[in-house]
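**Q** turn this into a structure:
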Amino acid sequence: MSILIIILFIGGVLRFLMGIVWFVLIVYTLLDLLRSNLPTNTKLLWLIVILIAPFLGSIIYLIGGRNKQI
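**A** Numbering: from 1, shown residues only. Okay, here's the model as predicted:
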């Protein structure tokens with residue numbers, strides 16, 4: 001019984017840490033997007049992508065969209 005409690009505790013901690021990483025990634029991406037010198041319509045399109053699919057949209061933006069127009 002105590003092993004189950006330990007496993008559940010570790011799972012909860014990992015889920016909490018992944019939530020923090022997810023939140024920081026999205027906030028960093030949105031701040032980077034707002035500070036970028038992309039045209040306004042491109043920023044708006046990236047903002048929509050990031051808000052619809054936060055994790056995947058943030059990663060796609062950071063990998064390929066930072067300095068490119070859609």
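**Q** all contacts plus neighbour counts: C-alpha atoms, from now on.
**A** Noted.
**Q** wait, what's in contact with the residue nearest the centre of the chain?
**A** Residue closest to the average C-alpha location in the chain (CA atoms, centre = their mean): residue 26, at 3.2 Å. Counting by CA atoms under 8 Å, 6 or more residues apart in numbering, residue 26 touches 50, 54, 55, 58.
**Q** so which of these is the most crowded?
**A** residue 58 (24 neighbours; other CA atoms under 10 Å).
**Q** how close does that residue get to residue 36?
**A** The gap separating residue 58 from residue 36 is 14 Å, by CA to CA, to the nearest Å.
**Q** now do residue 61
**A** 12 Å.
**Q** can you pull the contacts of residue 54?
**A** Per CA under 8 Å, 6+ apart, neighbours of residue 54: residue 26.
**Q** for it, phi and psi?
**A** Main-chain dihedrals, residue 54, degrees, to the nearest 10: phi -60, psi -50.
**Q** which phi and psi does residue 38 have?
**A** According to degrees, to the nearest 10, residue 38 has phi -70, psi 160.
**Q** what's the average pLDDT for the top helix by length along the chain?
**A** Criterion DSSP state H: the longest helix present in the chain is helix 2-35. The average pLDDT within helix 2-35 is 91.
**Q** kindly report the same for stretch 41-50.
**A** On average, stretch 41-50 scores 92.
**Q** and for residue 17, the neighbour number?
**A** 12.
**Q** for residue 8, see how far away it is.
**A** From residue 17 over to residue 8 (counting by CA to CA), the distance is 14 Å.
**Q** can you check residue 45 too?
**A** 40 Å.
**Q** do the same with residue 61
**A** Residue 61 is 34 Å from residue 8, by CA to CA.
**Q** that's all I had, so thanks and see you.
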